[in-house]
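# this one's structure only:
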């Protein structure tokens, strides 16, 4: 049996989740979705609990934020994935330590990481397969399927029902039809409504960072797929110590998987960064020792896994703004409450746009205008005291200096304009002659 002095039971997991949400209601919300198949005999009923986390505070409109849909506990026997979800929620409730780590060498910096969190919304499913988890806690430590014997990660519509030569219904029975299982159907509805930029499905059994495809032995082609692979390569170094298998699950696992959530998210819902993360595996475990095969058994190993892979979400967050599929509007920093576009010049940020071709006089005039505006603002804020004071004298001198510079600009501009008119007149006279 699992060591429940290390691991949480299912009831303990959701008690902790509820407590976290209640204590952090300003940034967290818990939705409990009742899911069922009332037509089956007997009816099949479960629930899907979804935690929404908005570190910047709840908003109705998520269109301008990066959106991450993170799924844990899809297979009942993989308890460690649920523990990572719980640790992630704990960190998001109090991210101070994570923000401090943002100042580490090579890190994004505390301010940058805070800004990223502020512009992100997470939907976290701590335990998709509640009924399968009940079976595991009841003593069936090898059970991966849901409460009626269906592998919900074979129940999605992309290439559904295809069976390889080594197909084992005890491991990967796909159900009677795509989305026959309430768990898969509920996740589909959630993803359609949320429209995530990132889908991450956590599993255990090995150490790997996978992208599509699961049903083909290669990754997709194109710029977006290559950028996604580069993200995984960087995550491999940060989170997995370089040990993780990378690329297509269909190539790296050793078998093709059909009807998976990750392939559907990528192919049908067009989620650009669709991942399967395999966070732990013990290759030395006996094939009958399912708990050890899929879950660390010592407290030290447990802590290392949950810490590394919860931090991995923050490492991913740091990498998202550089990905071509992430809209720039979701990731740009702000200055003074106004958005700063990539490559914006100082003049354009200050409201002076010259297209890059302004004359020196015009640029100087713009600078003077900006200076005059700032002087007027300083006066409004009473930076300068009454004229009889020392500060008032300094303020008066500054204003006088601005006036002198403005006069010089005017004279230069007028002189150049007169010279241009004389040159034009000479050309017309030469043309007549």
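Nice, thanks for sending it over. This is a predicted model, so every value here is computed, not measured. Residues are numbered from 1 along each chain as shown.
# could you pull out the strands for this protein?
Assigned by DSSP state E, the strands in the chain fall at 28-37, 44-53, 66-71, 120-125, 198-203, 206-211, 245-248, 273-280, 334-335, 338-339.
# reformat the ones you listed as a markdown table; add distance to residue 222.
The way it works is simple: take the backbone N, C-alpha and C, and place the C-beta from them, glycine included. Listed next are these as a markdown table, based on distance: least, CB to CB, whole Å:
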| stretch | distance to residue 222 |
| --- | --- |
| strand 28-37 | 35 |
| strand 44-53 | 31 |
| strand 66-71 | 21 |
| strand 120-125 | 25 |
| strand 198-203 | 18 |
| strand 206-211 | 12 |
| strand 245-248 | 14 |
| strand 273-280 | 13 |
| strand 334-335 | 31 |
| strand 338-339 | 29 |
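# where does the chain have its least confident helix or strand?
Within the chain, no helix or strand scores below helix 346-349, which has a mean of 32 by mean pLDDT, DSSP states H and E.
# re the thing from before, now the strands of the chain in CSV, please, with extra columns for mean pLDDT, distance to residue 148 and mean neighbour count.
Below are the strands of the chain laid out as CSV (pLDDT from 0 to 100; distance: least, CB to CB, whole Å; neighbours: other CB atoms under 10 Å):
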stretch, mean pLDDT, distance to residue 148, mean neighbour count
strand 28-37, 97, 8, 14
strand 44-53, 98, 5, 20
strand 66-71, 98, 20, 23
strand 120-125, 98, 19, 23
strand 198-203, 98, 21, 25
strand 206-211, 97, 27, 23
strand 245-248, 96, 30, 20
strand 273-280, 98, 24, 26
strand 334-335, 38, 50, 10
strand 338-339, 36, 50, 10
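# residues in contact with stretch 17-27?
With CB atoms under 8 Å, 6 or more residues apart in numbering as the test, stretch 17-27 has contacts from 28-30, 49, 51, 53-58, 86, 89-90, 92-93, 126.
# let me redo that: stretch 301-310
6-7, 80, 83-84, 86-88, 91, 202, 239-240, 277, 279-280, 296.
# buried sites along it?
Within stretch 301-310, the residues that qualify as buried are 302, 305, 306, 308, 309, 310, counting by 16 or more other CB atoms under 10 Å.
# show me where the stretch 201-350 of the chain has helices.
Taking DSSP state H, counting those that start in this stretch to define them, one finds helices in the stretch 201-350 of the chain at 223-239, 249-252, 261-267, 290-294, 299-319, 346-349.
# closest one to residue 177 among the ones you listed?
Taking CB to CB, helix 261-267 is the member of those nearest to residue 177, at 14.1 Å.
# for the closest one, packing partners?
Judged by 3 or more CB pairs under 8 Å, 6 or more residues apart in numbering; DSSP states H and E, helix 261-267 is in contact with helix 182-194, strand 198-203, strand 206-211, strand 273-280.
# quick revisit: how about a markdown table for the helices of the stretch 201-350 of the chain, with distance to residue 133 added?
Conversion of the helices of the stretch 201-350 of the chain to a markdown table gives the following (distance: least, CB to CB, whole Å):
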| stretch | distance to residue 133 |
| --- | --- |
| helix 223-239 | 25 |
| helix 249-252 | 23 |
| helix 261-267 | 18 |
| helix 290-294 | 13 |
| helix 299-319 | 17 |
| helix 346-349 | 53 |
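# tell me the most buried of the ones you listed?
Each of these was scored by mean neighbour count; the highest is helix 261-267, a mean of 25, by mean count of other CB atoms under 10 Å.
# name the residues that touch that one?
Contacts for helix 261-267 (CB under 8 Å, 6+ apart): 71, 74, 152-153, 156-159, 184, 187-188, 191, 196, 199, 201, 210-215, 220, 249, 271-272, 274-276.
# excluding chain neighbours, what is closest to residue 52?
residue 29 (4.5 Å; CB to CB, 6 or more residues apart in numbering).
# measure that neighbour to residue 116 for me?
For residue 29, the distance to residue 116 equals 20 Å [CB to CB, to the nearest Å].
# do the same with residue 16
For residue 16 relative to residue 116 (CB to CB), the value is 26 Å.
# between the buried residues of stretch 301-310, which sits nearest residue 37?
Of all the buried residues of stretch 301-310, residue 309 has the smallest distance to residue 37: 32.2 Å, by CB to CB.
# so how far is residue 171 from the closest one?
According to CB to CB, residue 309 and residue 171 sit 24 Å apart.
# likewise residue 129?
Residue 129 sits 14 Å away from residue 171, going by CB to CB.
# and if you look at residue 204?
15 Å.
# same question for residue 90.
Using CB to CB, residue 90 is found at 32 Å from residue 171.
# and the closest residue to residue 260 other than its chain neighbours, what does it touch?
Nearest non-adjacent residue to residue 260, counting by CB to CB, 6+ apart: residue 214, 4.3 Å away. The contact partners of residue 214, by CB under 8 Å, 6+ apart, come to 248, 249, 250, 256, 257, 258, 260, 262, 263, 276.
# beta partners of the last one?
According to DSSP bridges, the residues that bridge with residue 276 are residue 201, residue 210.
# wait, doesn't it sit right on residue 210?
Yes. Between residue 276 and residue 210 there is a contact under CB atoms under 8 Å: 4.2 Å.
# give me the common contacts of the two.
249, 262.
# sorry, back to before: so which of the strands of the chain gets nearest residue 103?
Proximity to residue 103 (CB to CB) singles out strand 120-125 among the strands of the chain, at 19.2 Å.
# tell me which other helices or strands the closest one touches.
Using 3+ CB pairs under 8 Å, 6+ apart: strand 120-125 touches strand 44-53, strand 66-71, helix 79-93, helix 182-194.
# related to what we said a few turns ago, settle it for me: which of residue 204 and residue 171 has more neighbours?
When residue 204 and residue 171 are compared on other CB atoms under 10 Å, the one with more neighbours turns out to be residue 204, at 24 against 13.
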